[in-house]
Structures are given as C-alpha cells and as structure tokens.
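Engineer: Give me coordinates for this.
(chains A, B, C and D)
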Number of protein chains: 2
Amino acid sequence: MSPDPKASSVLLLEEFLPYRLLRAAEEVSRRFARHYKDRHGMTRPEWRTLATIGQFERITAKEVGQHSSMHKTKVSRAVRALEKRRWLKRETDEADRRIEHLELTTPGRRAYIELVSIAEVFERDMKSRLGGDAWRALDHGLGAIEKIIQPPRR
Amino acid sequence: MSPDPKASSVLLLEEFLPYRLLRAAEEVSRRFARHYKDRHGMTRPEWRTLATIGQFERITAKEVGQHSSMHKTKVSRAVRALEKRRWLKRETDEADRRIEHLELTTPGRRAYIELVSIAEVFERDMKSRLGGDAWRALDHGLGAIEKIIQPPRR
DNA sequence: GTTTATTGGTTTCATACGTAACCATCCTGT
DNA sequence: ACAGGATGGTTACGTATGAAACCAATAAAC
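Structural biologist: Model prediction:
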C-alpha cells in the first residue's frame, strides 16, 4: 500500500479551527466577564439569565435555558442567586403548577438596563478594534456555524 | 436631559457577539470532544497536551501551557494522566533541574498520529458543511481576534 | 379513575477548575 | 557566600459543573 496523501503526521494546534474558535471565544468572554463581575460579582449563568429575562419580560426557567443555551441546573442555580438579590420574582402558573414564570423586579430591571449598556459599549469597542471587515466576517462565519448546530431558540 | 440615542433598553442575546462566539465554540468543541473521548476517554486538557507534545517532539510543561493556552495546573494534571497511560516520558533537564522535558513514547506517538487523523477528518468535514466561503470568513475573523488578544505562542 | 409516562424544576454526587500556597531549584545583588 | 527574589512544577482548597436521581404535578393510556 502506498501512503495516504491526505494523512499528514503533524497537526498545528494554532491553526486547528475548533481550538482557535474556543480560545478566541473564551478570551473574549473572559474580558467581557470582567465588566459584569466587577460591577455586581455576577457569574456568567447569572448574567445570561438576567439578559434573557430582561429580553422577554416574562419567561419560564426552561425557556431561559433554551434561549441562552444553558443546562437546566445552571439556570436553576442562577435563578436562585438572582432571586436572593431580589432582582427577579417567580410566579407559579395557575393552570400548570409545575411552571414558574420569571420576571424582573424594579431593581432587577435597573441592573438589566445597566448591563445592556455595558454590553453595548463592550460590543462597540470590540467592533472598532476588529474593524468592520473582520467583524462582518465573524458574523458571517458564526451564522454559518449556527445554521449547522441546532439553531438558537427564540 | 434628552435620552441618549445610543442607549437602547434591550439586548438581543442571540445577536450579541461574545455570546454567539462562545456558544458556537463550545458546541464545536463538544462535538469534536466526542471523537477523542469515545476513542480513549481523553479529556480536553489531555488531548491538547498530546497534540502539543506531538507537534514539538520535545517540550517543557510550561511551553505546553503557553502554546495550548492552558493554565499550568491543567497541564500538570494532563501530563500526569498521559504519563499514567505511558504515552509520554519526562526527563529532568541536567542543567536546570526544575525543568522537565516531555516526549511521547512509542504508543504515545501512535495515539498522536491517530488523533491527528481524527482531527483532520473532523476539520475537513466541518469545512465542507460550512462551505469555503464561511470557512474563510471564520478564519479571517478569528485571525483578527487573535491579533487583538495576546498572540498565540509558537 | 387508577396506573404509567412525561415534564418543569431542584438536589445530589463525583469531577474539573483556577487561585493561591507551596516546594525545590536557580539567579541576583551585594 | 548567602539572603531575597524568581521560576518550573505540584498540591490543597473552595467553587462550578453536568449527569443522574429525584420530587411534584400534569397528561396519557387503559
């Protein structure tokens, strides 16, 4: 048998896309995390949950998980943490008492608005550092990945 | 004071780039992980370590960490795990006895080669699903991020 | 109308993680 | 030559994680 021309014997990790993607994502995430962690000591699951409830006004824990790609235990813990801060309230559904509807309280909404503006500043800054060209490329590439993996829930 | 036109009161999480990036990266990583996890029960730090040593032939733990963006405790644990499998051997540097040089053993190299081919298949498949256009866009976008964050170590 | 299965959400448990403390060795200044 | 850093690597410890078991409540099957 002759050697398979497609089989090379080295892999350059720094050029391997799954590695590059995760490394870039984690670093960007880490930088963004500094902002909300500094502000309120929030964790990522907490801020995702806050962002999702803020976006939908009234939503269940399960839907939060679907929308923000989080495991239900993460959501459960984040909801409890936000509740302890009195940033959200739960309301058991009358018709189906397994379901809890989540809503932000007034201080919760205030925190959410602050968070939104932090996120906007961060994103704007990131965009300007990357340049519109790279930004659009990234948007395009990520869109293609999202089409392949299960699409984001609305 | 009139309202700040730049301040909107909602954020669409599914369009927020740090979120999209991390979600895409974690999903791609998770899928790739299935391959090497199925094969040898390897963890991500272990496979990154294996990939890095394989790429450099002979390298120290610190350099592995720099090259593969891993915390030194992760590297330390991964090295121990690979050593237990007898996939790598350590050699204390004669001149500076704090330093350990890491090399793959014969079975380690065999596993590495297998890993490389798994990675190549995965990447090729991913590329074909995304399409060359999106693939190049992603490459471009990630390159720009890498230029901003501390550049990958060689 | 009782089983039986499913579902929303919580808890348990074993594992993975990073910070910080640590150990041994080497380097620096004096 | 020796005190005071650094440095490569490991360990200890508190926290975060997801799989699986679990608990109520509802829905389906019969």
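
Engineer: so where do the helices sit in chain A?
Structural biologist: Here chain A has its helices, by DSSP state H, at A:17-40, A:44-56, A:61-68, A:72-84, A:106-130, A:132-148.

Engineer: most packed of those helices?
Structural biologist: Ranked by mean neighbour count under mean count of other C-beta atoms under 10 Å in any protein chain shown, the helices of chain A are led by helix A:44-56, which reaches a mean of 23. Quick note: C-beta positions are derived from backbone N, CA and C, even for glycine.

Engineer: Please say whether there is contact between that helix and chain B.
Structural biologist: Yes. Judged by C-beta under 8 Å from any C-beta of the partner chain, helix A:44-56 comes into contact with chain B through A:48, A:51-52, A:54-55.

Engineer: Alpha carbons only: can I get stretch A:14-33 in PDB?
Structural biologist: Extracted C-alpha coordinates of stretch A:14-33, given in PDB (Å, rounded to 0.1, in the frame of the first residue of the first chain):
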ATOM      1  CA  GLU A  14      -2.700  27.000  16.500                       C
ATOM      2  CA  GLU A  15      -4.300  26.500  13.100                       C
ATOM      3  CA  PHE A  16      -6.900  24.000  14.100                       C
ATOM      4  CA  LEU A  17     -10.200  25.700  13.900                       C
ATOM      5  CA  PRO A  18     -12.000  24.200  16.900                       C
ATOM      6  CA  TYR A  19      -9.100  25.200  19.000                       C
ATOM      7  CA  ARG A  20      -8.800  28.700  17.600                       C
ATOM      8  CA  LEU A  21     -12.500  29.200  18.000                       C
ATOM      9  CA  LEU A  22     -12.600  28.100  21.600                       C
ATOM     10  CA  ARG A  23      -9.600  30.100  22.600                       C
ATOM     11  CA  ALA A  24     -10.900  33.300  21.000                       C
ATOM     12  CA  ALA A  25     -14.300  32.800  22.500                       C
ATOM     13  CA  GLU A  26     -13.000  32.100  26.000                       C
ATOM     14  CA  GLU A  27     -10.700  35.100  25.900                       C
ATOM     15  CA  VAL A  28     -13.500  37.500  24.600                       C
ATOM     16  CA  SER A  29     -15.800  36.000  27.200                       C
ATOM     17  CA  ARG A  30     -13.300  36.400  30.000                       C
ATOM     18  CA  ARG A  31     -12.800  40.100  29.100                       C
ATOM     19  CA  PHE A  32     -16.500  40.800  29.000                       C
ATOM     20  CA  ALA A  33     -17.000  38.900  32.200                       C
END
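
Engineer: OK, contacts around the residue lying closest to residue A:22 once chain neighbours are set aside?
Structural biologist: In this structure, residue A:22 finds its nearest non-sequential neighbour in residue B:25, 4.3 Å apart by C-beta to C-beta, 6 or more residues apart in numbering or on different chains. Counting by C-beta atoms under 8 Å, 6 or more residues apart in numbering or on different chains, residue B:25 touches A:18, A:21-22, A:24-26.

Engineer: Mind doing that once more with 10 Å?
Structural biologist: A:17-26, A:28-29, A:142, A:145, B:142 (C-beta atoms under 10 Å, 6 or more residues apart in numbering or on different chains).

Engineer: Sounds good, over and out.
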